[in-house]
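Colleague: Quick one: sequence plus predicted model below, questions after.
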Amino acid sequence: MPDTPKLTLEDFQTATTNKELLDIIAKKNISIDKVEKKLFYEDQLQKLQIELVKLQRWVVKNNKRVAIIFEGRDAAGKGGNIRRFTEHLNPRAMRVVALTKPTEIERGQWYFRRYVKELPNAGEIVFFDRSWYNRAVVEPVMGFCNEDQYQKFMVQVSEFEHMLYEDGLVLIKFWFSISKEEQLERFNSRIATPLKRWKFSPVDRKGQELWDKYHHYKEQMFSKTHTSYSPWVTVQANDKKIARLESIRYVLSQFNYEGKEKALTTVLPDPNIITRYFRSSKQID
């Protein structure tokens with residue numbers, strides 16, 4: 001039985017770039033699918049992050065206001081996506097908003113008030129790690145709001161977003177979609193990894209038990225708040241890295257910023273990964 005081809009120390013010393021190393025690997029007929037996938041991801045991410053820097057510069061120069069909402073079930077990858085978006089941006093012209101549960105005073109105020117305070121100023125991009133849409137899905141599922149509060153929100157939210165649209169604010173609404181099996185796998189990974197354990201809470205586990213109830217409220221949210229001026233954009237997110245790349249591409253595709261034509265990679269999202277919500281579209285969650 002012939003020996004399995006392997007890389008030698010001399011191979012690593014000879015190769016001075018990733019491409020040269022890949023050429024050696026190809027000549028030796030060594031399977032490195034995972035390595036190639038990771039190299040592709042890192043290469044594409046870097047090129048897309050360069051475009052995000054250009055976009056931010058254009059937003060600042062033109063006093064644009066951009067708000068990007070990241071919604072989805074627990075462990076869908078919202079925080080990881082936001083980190084890749086913001087990694088190389090100027091912190092003076094962007095913010096990440098991840099509000100905790102409302103205070104006693106906030107509970108007595110108009111629901112949207114605490115979110116209005118966080119909306120972007122001129123020349124700023126704001127990333128919402130969860131948003132006012134907590135009241136559309138998480139709160140009714142978990143019993144954190146009553147039926148009257150839920151119904152009032154569902155009536156008001158599209159009017160609220162229409163006012164933002166008329167005032168010139170650009171709002172992008174992402175829903176990161178994962179399967180029940182993938183969510184459970186990510187929960188178990190969090191529990192098993194000390195550095196990720198803080199992410200896991202009893203509410204997360206409840207999400208598995210109440211999967212169908214989440215689905216019901218998610219569908220209600222889509223059907224009543226997906227509008228021409230503020231559409232929902234769904235992201236197939238079982239593959240975290242692909243979801244990150246394609247969500248960045250989608251945001252870039254929405255703006256005609258300076259230098260876009262010189263991008264080193266495509267800024268058009270894969271329609272198999274990124275889609276506008278359609279009632280008939282197949283969904284994994």
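Modeller: Structure's in. What do you need? Numbering: from 1, shown residues only.

Colleague: can we go C-alpha only for contacts and neighbour counts from here?
Modeller: Will do.

Colleague: contacting residues around stretch 197-211?
Modeller: 73, 74, 141, 180, 183, 184, 187, 190, 191, 214 (C-alpha atoms under 8 Å, 6 or more residues apart in numbering).

Colleague: In space, what's closest to the second one - neighbours in sequence excluded?
Modeller: The spatial neighbour of residue 74 that comes closest, neighbours along the chain excluded (C-alpha to C-alpha, 6 or more residues apart in numbering), is residue 204 at 6.2 Å.

Colleague: Count the residues that sit near the one you found.
Modeller: For residue 204, the neighbour count with other C-alpha atoms under 10 Å is 16.

Colleague: Could you say which helix or strand holds it?
Modeller: Assigned by DSSP states H and E, residue 204 belongs to helix 202-209.

Colleague: any weak-confidence spans in the stretch 151-285 of the chain?
Modeller: Along the stretch 151-285 of the chain, the parts satisfying pLDDT under 70 run over 279-282.

Colleague: which residues in it form helices?
Modeller: Read by DSSP state H, counting those that start in this stretch, the stretch 151-285 of the chain holds these helices, from start to end of the chain: 180-192, 202-209, 211-225, 240-253.

Colleague: out of those helices, which comes closest to residue 54?
Modeller: Nearest of the helices of the stretch 151-285 of the chain to residue 54, taken as C-alpha to C-alpha: helix 240-253 at 9.7 Å.

Colleague: Just the C-alphas of the closest one, formatted as CSV.
Modeller: Output in CSV follows, covering the C-alpha atoms of helix 240-253 (Å, rounded to 0.1, in the frame of the first residue of the first chain):
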residue,chain,number,x,y,z
LYS,A,240,-21.3,31.0,9.6
LYS,A,241,-18.5,32.1,7.3
ILE,A,242,-20.5,32.2,4.1
ALA,A,243,-23.3,34.1,6.0
ARG,A,244,-20.7,36.7,7.0
LEU,A,245,-19.4,37.2,3.5
GLU,A,246,-22.8,37.4,1.8
SER,A,247,-24.4,39.7,4.4
ILE,A,248,-21.5,42.1,3.9
ARG,A,249,-21.9,41.9,0.1
TYR,A,250,-25.6,42.7,0.5
VAL,A,251,-24.9,45.9,2.4
LEU,A,252,-22.3,47.0,-0.1
SER,A,253,-24.7,46.3,-3.0
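
Colleague: In terms of secondary structure, what does it contact?
Modeller: Judged by 3 or more C-alpha pairs under 8 Å, 6 or more residues apart in numbering; DSSP states H and E, the packing partners of helix 240-253 are helix 33-61, helix 78-86, strand 232-236, strand 274-276.

Colleague: Ok, which of these comes nearest residue 151?
Modeller: strand 232-236 (19.5 Å).

Colleague: For the closest one, which strands pair with it and how are they oriented?
Modeller: strand 170-177 (parallel), strand 274-276 (antiparallel) (DSSP bridges).

Colleague: between these, which gets nearest to residue 27?
Modeller: strand 274-276 (36.3 Å).

Colleague: Pull the distance from the closest one to the chain's centre.
Modeller: 13 Å (C-alpha atoms, centre = their mean, to the nearest Å).

Colleague: got a list of contacts for it?
Modeller: If you take C-alpha under 8 Å, 6+ apart as the criterion, strand 274-276 is touched by 231, 232, 233, 234, 235, 236, 246, 247, 250.

Colleague: hang on, the earlier thing: hey, which of the helices and strands packed on helix 240-253 is tucked in deepest?
Modeller: Mean neighbours per residue, mean count of other C-alpha atoms under 10 Å, is largest over the helices and strands packed on helix 240-253 for strand 232-236, with a mean of 23.
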